[in-house]
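> using only what follows, build the 3D model:
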Amino acid sequence: MRFRNNWIDAKVSAIEDKANNVRQITLKPIDGALSFTVGSHIDVSVIINDKPEIRSYSLIGTQPTDGVYIIAVKRLEASRGGSKYMWTLEVDNQIKISQPSNHFELSYGVSDYLLIAGGIGITPLVGMAEEIKKKGHATVNMIYVGVNPAEMPYIDRLKAVLGNNLHLHFSDTDGLYDVNRIFELTNKNTSVYLCGPLGFMNAIRKVWEKSPFENTNLRYETFGASGLFAPQAFKVKLPRFNREIEVTENQTMLKALEEAGIDVMYDCQKGECGLCQVNILECTGAIDHRDFFFSEKQKQQNKKMCACVSRVANGDLVIDTSYRGKV
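Predicted coordinates:
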């Protein structure tokens, strides 16, 4: 129950490690790459536990070169299997990919930009930095936060584009990043683009919401399923269906429901659109809300959750689905 991708065959034409645990993968579609706007991503069909699933990866750069797409994948031990699969790919392997889509578009006609990246969240922002500088009509600063230089891809590429307007923060030596420092590089006219781990983005969003600047000036992209707790297996009961379903630690609740034949409407699978929300009837653990759809107040109420990304820690769950198909 998702929009239809136009799946095409592609070949892995090059692989290059860009940082510790970050691998750049070049994909050549059989009919050549389509043009795209910065901030775009492609969906990739991956195989996890012998079953096909979909993962999304941001496209790096401003346009395809030589008919290829370039993505970067960080190897994550706590992933649901997507990054592990992507790291098994070798040159000349065949995979299926989608057409480019963009839910994180760069707005033009702005005089001042701030790009904020945490870790692998740098991937959609590389092209944005290059595009803004190429147009030459606006000021652009970038804050790039990571563990250390060895863990952070594209630093040299960004230095060549941004020079002293690239502001690096290494948590190994500099400690936890003080999110209030973003206001040193912003004013009421600054458009801010943010991508990174959930906790990092939530911290930025909270200080921005309390600032005098317009909330609409902050835009963000999600790319993973990081949360406040490490993924754990849990059980989901659905009284209306008289069913109890096991969700494994490397599986989303949405996927478990789907495999059990329980219909749930969904689209983005990134916790952004809210279509897959389910009603929480009871919970014996802590709801790990990993979405960007519900407000903080709604999350504290624990009445609903997004099945595509959110989970339960140290307990089980009783829910009802919003979709009223055949029971």
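> could you use CA atoms for every contact and neighbour count after this?
Will do.
> got the contact list for the residue of the chain most remote from its centre?
For the chain, the largest distance from the centre (C-alpha atoms, centre = their mean) belongs to Asn242, which lies 34.0 Å off. Neighbour list for Asn242: empty [criterion: C-alpha atoms under 8 Å, 6 or more residues apart in numbering].
> next: Ile280.
Taking C-alpha under 8 Å, 6+ apart, one finds 302-305, 317-320 in contact with Ile280.
> tell me the buried residues within those.
302, 304-305, 317-320 (16 or more other C-alpha atoms under 10 Å).
> would JSON lines of those with secondary structure be doable?
Converted to JSON lines, the buried ones among the contacts of Ile280 look like this (DSSP: H, G, I helix; E, B strand; the rest coil):
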{"residue": "Asn302", "secondary structure": "coil"}
{"residue": "Lys304", "secondary structure": "strand"}
{"residue": "Met305", "secondary structure": "strand"}
{"residue": "Leu317", "secondary structure": "strand"}
{"residue": "Val318", "secondary structure": "strand"}
{"residue": "Ile319", "secondary structure": "strand"}
{"residue": "Asp320", "secondary structure": "strand"}
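> looking at those residues, which is nearest Asn20?
Met305 (34.1 Å; C-alpha to C-alpha).
> returning to what we had before: closest one of the buried ones among the contacts of Ile280 to Pro231?
For the buried ones among the contacts of Ile280, the nearest to Pro231 is Leu317 (14.7 Å; C-alpha to C-alpha).
> the one helix or strand in the chain whose mean pLDDT sits lowest: partners in the sheet, and parallel or antiparallel?
Lowest by mean pLDDT, DSSP states H and E among the helices and strands of the chain is strand 51-58, with a mean of 87. Strand 51-58 pairs in its sheet with strand 41-48 (antiparallel), by DSSP bridges.
> tell me which residues of the partner strand come out buried.
41-46, 48.
> then stretch 268-280?
269-280.
> put the alpha carbons of it into CSV.
In CSV, the C-alpha atoms belonging to stretch 268-280 read as follows (Å, rounded to 0.1, in the frame of the first residue of the first chain):
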residue,chain,number,x,y,z
CYS,A,268,7.8,7.1,3.1
GLN,A,269,9.0,4.4,5.6
LYS,A,270,11.1,7.1,7.2
GLY,A,271,8.7,8.4,9.9
GLU,A,272,7.8,11.5,8.0
CYS,A,273,4.4,11.1,6.4
GLY,A,274,2.4,9.6,9.3
LEU,A,275,0.3,7.3,7.0
CYS,A,276,1.4,4.2,9.0
GLN,A,277,0.4,5.5,12.4
VAL,A,278,-1.3,2.9,14.7
ASN,A,279,-3.3,3.5,17.9
ILE,A,280,-1.5,2.4,21.1
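> run a quick neighbour tally on the spatially closest residue to Val44 that is not a sequence neighbour.
Spatially, and ignoring its direct neighbours in sequence, Val44 is nearest to Ile97 (4.5 Å; C-alpha to C-alpha, 6 or more residues apart in numbering). The local packing of Ile97 (other C-alpha atoms under 10 Å) involves 24 other residues.
> please apply the same query to the one 4 residues further on.
Other residues near Ser101 number 18, with proximity taken as other C-alpha under 10 Å.
> surely it and Leu34 touch.
No - checked against C-alpha atoms under 8 Å, the pair Ser101 and Leu34 is beyond contact range at 10.7 Å.
> Ser101 and Met128: what is the separation?
15 Å (C-alpha to C-alpha, to the nearest Å).
> enumerate every residue touching Met201.
194-195.
> just Leu106 next, same as before
38-39, 128.
> rerun at 7 Å
Neighbouring residues of Leu106 by C-alpha atoms under 7 Å, 6 or more residues apart in numbering: 38-39.
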